[in-house]
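Engineer: Make a model of this:
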Amino acid sequence: MAYDERVAVRVREALKRRRGVRERKMFGGLAFLLNGNMCCGVLKKNLVLRLGADGAARALRERHTRKMDFTGKPLASMVYVVPAGYRAEDDLRRWLKRAAAYVKALPPK
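Structural biologist: Model (predicted):
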């Protein structure tokens, strides 16, 4: 699998002011780590978000989301957001803010 570089550029731009952000190729796409913990990423054209089990369950009630199941087994703490769900910059930033809030509460690695 690959990732859409245009989406990656948008995510980079949205996260550029945050401290502790690094990029790493993961799960066949590109992941953005915050303080060493996976926060979000891009897989194909999908935005990948780590929201925790409760946050992911809430997100799945919203439009343009689905369970992250790239291995065939859904991950309870992760969701995909399809392009229609992050087309607007405000929507992209809102999703990234939710993922960053969850990951900031985790101990740094």
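
Engineer: how many other residues sit next to Met26?
Structural biologist: 14 (other Cβ atoms under 10 Å). C-betas here are computed from N, CA, C, even on glycine.

Engineer: Would you confirm that it contacts Gly41?
Structural biologist: Yes: at 6.7 Å, Met26 counts as touching Gly41 under the criterion of Cβ atoms under 8 Å.

Engineer: ok now the longest helix anywhere in the chain, how far from the chain's centre?
Structural biologist: Using DSSP state H to define each element, the chain has its longest helix at helix 89-104. Offset of helix 89-104 from its chain centre (Cα atoms, centre = their mean, to the nearest Å): 8 Å.

Engineer: which helices and strands sit right next to that helix?
Structural biologist: With contacts taken as 3 or more Cβ pairs under 8 Å, 6 or more residues apart in numbering; DSSP states H and E, helix 89-104 sits against helix 5-15, strand 29-34, strand 37-43, strand 46-50, helix 52-59.
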